[in-house]
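**Q** Build the 3D model from these lines:
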Amino acid sequence: MLSKRQPSGIELTWNTIPPGNCLVRIRTNPFYDTFCEEIFPITIAGAPCLSPWVISSASASGYGCSDGSFTIRDTTTNCTNFTSVYMYQFNQLNYYTVLPLYQYIDKEYTYINLPPGWYFFNATATYTDYYGQVISCDIWDSIYIEPACILTSTYSTSPASVAGCYNGEIKVTATTNACYGYTADILSTTDSTTIFAQQAAASGIELTWNTIPPGNYLVRIRTNPFYDTFCEEIFPITIAGAPCLSPWVISSASASGYGCSDGSFTIRDTTTNCTNFTSVYMYQFNQLNYYTVLPLYQYIDKEYTYINLPPGWYFFNATATYTDYYGQVISCDIWDSIFIEPACSIQSNFNVISGCGVSTIEATSFTNSCNGYLANLFDSTGALIISIYNSSGATTTFNNLTQGIYVLMITSEPQGCQTIDTIPVSVQSSTLFFADNDGDTFGNSNASALACSLPLGYVSDSTDCDDNNAGINPGANEIINSIDDNCNGLTDETTGITLQLKVYMEGYYLGNGIMSAVLDPNIFPNVCDSISVVLRESIAPYSPVYTVSSTIDINGNGLFNFPSSITNQTYFIEVLHRNSISTWSKYPVLFNLPVINYDFTN
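**A** Alright, predicted model coming up:
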């Protein structure tokens, strides 16, 4: 190689060196009689047999699914030439198969439709060394196609009806992405051997074993088929048996009434042939706990019937024998009880009648007791108000009840059946009203009545000082007539002018000087209706000056008070009513006296 020269501390580089062994000599410059020198060996290494490949793969979608793939890319340069490339698949016995190449594009090899497992590829490489020798070597590498394993399982069990019966049940459901679903089998808990045969199903489909005796087991679930690796779940389960629980169906009929000995019951043996009952006895206990063995009325097809029984408790005993899973004969006693009801029946309903100040509760009860029922009424504190006996179907009435919460207890006699109802009671509030004899809407304080609604001829006001004259009341105008017209305790105190008007209203006149009572014929039978009187200037444009509203009686008479400022003034009189057209006086009227009379009917 060529010599190079460089100042101290500066790097020298040779970058076209083939693989091989060399010596590097370093001397000080220039060379005099003596100089410093270093010589050391170096090696330039080559890597012809290291893998120059880039590998990418895609997993199979599940066990047994031949849809995996991978791609191998040759990243070597022209320094090395690959003369051959092969891909191998090994099975469980280590036999291999050369895989067909799917495609080759730009030094990239692609293989598809591959099931999960190990794959190996081999490439033979050749290169020429520095001395001109041609050298070859093999390159090996491996790829693993994953099975993309997913396995989720659930299970349920149903017990055997009794010990010794091979009718327990196991249900298993597994969800997996394996193309061929899953398998499941039932194993022994002692040595994990298969006891109940393996079954296979597609993902999500339930498997059932329904001839399982009571005991402890293992359930094993695997993805299907089994390759070098597979998903697996194992979990323990127990099938229960119930040898001494009652296998009986019991039905009973109550006695028709208190003290009647006509109850009955029937006991049905629902066991299968797995268990045999060797003896059945029925006992009745009295109040001293002495028992009597009851006579059997009839036995038909494993059904025992007992009749003519008074109300009370009864017990039966049966001795059962069965053979367990291991062949042993086991016996046990079964006890159960029955109660004959006294056939107590009661049905109650109630009604609240709300009154003014006080209310009433009406209660009706129906019972099958010959002695009827007892009705007890309590207040909200629990204190008893009254007790009443009555016959079935009869109505019991509780009167004069104030507002509050009451509790009604109905008890059938003598059985003691009860109904209990909480009843809210409300009352109507009363108000003091006053008589209005003259119909002017003002009442007489000396004639009153207490009521929950307004009585006919009464009002809520009590300020009328003369209830026999509709023109005298607190709303009337004071006129000069020696009478306290407005009930303020003063007489003729007004300084104004009173217009006494007579007018008949269109559509209200009945004849003979009488009009209809329109305002309220029930409360105010003497009042016809309300009108407004307008005083207008006597010269154009006849502008309104004062307006006063009041009522006219059925005779057409009404009083309208105007202030004293109209004294000695002349005005047209206009009458306005909601059912009539506007009506004016023929001529202007001079208001020069305390009381002015004007008759529209003349």
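**Q** Residue 169 versus residue 529, what's the distance?
**A** Going from residue 529 to residue 169 by CB to CB, to the nearest Å gives 93 Å. Bear in mind the C-beta positions are built from the backbone N, C-alpha and C, glycine included.
**Q** How is the residue nearest to residue 154 when sequence neighbours are not counted assigned, secondary-structure-wise?
**A** The shortest distance from residue 154 to any non-neighbouring residue, by CB to CB, 6 or more residues apart in numbering, is to residue 173 (5.3 Å). Assigned state for residue 173: strand (three-state reduction, DSSP: H, G, I helix; E, B strand; the rest coil).
**Q** List the residues that contact residue 173.
**A** By CB atoms under 8 Å, 6 or more residues apart in numbering, residue 173 lies in contact with 153, 154, 155, 204, 205, 206, 207.
**Q** Residue 439 and residue 469 touch, don't they?
**A** No. Residue 439 lies out of contact with residue 469 (CB atoms under 8 Å); the separation is 10.6 Å.
**Q** Compare those two (neighbour count), which wins?
**A** residue 439 (23 against 15; other CB atoms under 10 Å).
**Q** Not counting its neighbours along the chain, what's nearest that one?
**A** Nearest non-adjacent residue to residue 439 (CB to CB, 6+ apart): residue 524, at 3.4 Å.
**Q** Where does pLDDT dip in the stretch 251-400 of the chain?
**A** Scanning the stretch 251-400 of the chain for pLDDT under 70 picks out the ranges 253-262, 269-279, 285-290, 320-332, 341-344, 368-371.
**Q** Number of residues surrounding residue 170?
**A** For residue 170, the neighbour count with other CB under 10 Å is 21.
**Q** could you say which helix or strand contains it?
**A** Following DSSP states H and E, one finds residue 170 within strand 168-176.
**Q** which residues does residue 120 contact?
**A** Residues in contact with residue 120 (CB under 8 Å, 6+ apart) are 87, 88, 90, 96, 140, 141, 142, 143.
**Q** so what's it bridging to?
**A** Following DSSP bridges, residue 120 is listed with bridge partners residue 88, residue 142.
**Q** picking that back up, which ones are touching the residue nearest to residue 439?
**A** 436, 439, 440, 441, 517.
**Q** could you measure residue 319 against residue 240, distance?
**A** 22 Å.
**Q** before we move on, what about residue 502?
**A** With CB to CB as the criterion, residue 502 and residue 240 are 108 Å apart.
**Q** Counting neighbours, what do you get for residue 525?
**A** Residue 525 has 14 nearby residues by other CB under 10 Å.
**Q** Need the nearest residue in space to it, chain neighbours excluded.
**A** Leaving aside its chain neighbours, residue 525 sits nearest to residue 517 (5.0 Å; criterion: CB to CB, 6+ apart).
**Q** if we can go back for a sec, may I ask which of the contacts of residue 120 has the most neighbours?
**A** Highest neighbour count within the contacts of residue 120: residue 87, with 21 neighbours (other CB under 10 Å).
**Q** Give the rounded mean pLDDT of stretch 556-564.
**A** Here stretch 556-564 scores 88 as its mean pLDDT.
**Q** ignore the last one, stretch 87-105
**A** 73.
**Q** how long is it end to end?
**A** 16 Å (CA to CA, to the nearest Å).
**Q** pretty sure residue 565 is in a helix, no?
**A** Yes. Applying three-state DSSP, one finds residue 565 inside a helix.
**Q** just how off-centre is the strand holding residue 170 within its chain?
**A** Mean-position distance between strand 168-176 and its chain equals 33 Å (CA atoms, centre = their mean, to the nearest Å).
**Q** downstream neighbour of that strand in the secondary structure list?
**A** Heading C-terminal from strand 168-176, the first helix or strand you meet, by DSSP H and E, is strand 182-188.
**Q** What are the buried residues along stretch 462-472?
**A** Buried residues in stretch 462-472, counted by 16 or more other CB atoms under 10 Å: 462, 464, 465, 466, 467, 470, 471, 472.
**Q** list the contacts for the last one?
**A** Contact criterion CB under 8 Å, 6+ apart gives 440, 464, 465, 466, 483, 484, 485, 486, 487 as the residues in contact with residue 472.
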